[in-house]
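Chemist: Sequence plus predicted model, see below.
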Amino acid sequence: MSAIFPVVVRRVLIGWHAKTTSLAPPSIYEFAGGGQAFLALATAFHERCLADLDLNHVFSHHAGPDHVENLAAYWAEVLGGPPSYSRLHGGQSAMLEIHAREGGESLEPNFVACFIQALDDAQLPDDPDFRASMRAYIEWTTKDGPE
């Protein structure tokens, strides 16, 4: 057996390994489980909001028939998934335009609580780093403005 054989095998295996393993960590979208996971999250969140005394009015009177699917597509996109929401609705600025008309008092604590509970309802991963990232995202995105 030639002395060069182990070197060639190592290079081939290292090259194969680099091509078959992702060097970057998965996006939050991928880690959560993809589109179906975000649809389950949006469905659970919507149900929790309907059950919340303060959020019920907004979610029962101002949410269209495609709200759950649109919400799932939006969250999926901003957390690393495909740009489905932007293709269909125009992206972040369009979403802000829709919700800017709602006005009223801040419902942030209830909104965040429903989101956190919906993570369990939708059976998303209970990994502590994932949960901390999801909490940080929803808290950041629902802030009333700069502090």
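Modeler: Nice, I can see it.

Chemist: so where does residue 110 fall, helix or strand?
Modeler: Element membership of residue 110 [criterion: DSSP states H and E] is helix 108-121.

Chemist: could you point out which element follows that helix?
Modeler: Heading C-terminal from helix 108-121 (DSSP H and E), you reach helix 128-141.

Chemist: tell me the average confidence for the helix holding residue 110?
Modeler: Average pLDDT, helix 108-121: 94.

Chemist: for stretch 72-80, same thing?
Modeler: 93.

Chemist: Quick one: residues in contact with it.
Modeler: 26-30, 32, 34-35, 38-39, 41-43, 82-86, 88-89, 92, 95, 137 (CB atoms under 8 Å, 6 or more residues apart in numbering). Using the backbone N, CA and C atoms, a C-beta is placed for each residue, glycine as well.

Chemist: Can I get the buried part of the residues you listed as one PyMOL selection?
Modeler: Per 16 or more other CB atoms under 10 Å, the buried members of these correspond to this PyMOL selection:
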select buried, resi 28+29+32+38+39+41+42+43+84+85+86+89+95
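
Chemist: Going along the chain, name the helices of the protein.
Modeler: Per DSSP state H, the chain carries helices over the ranges 4-20, 28-32, 35-51, 56-61, 67-78, 84-89, 92-100, 108-121, 128-141.

Chemist: hey, least reliable of the ones you listed by pLDDT?
Modeler: The bottom spot among these, by mean pLDDT, belongs to helix 4-20, with a mean of 49.
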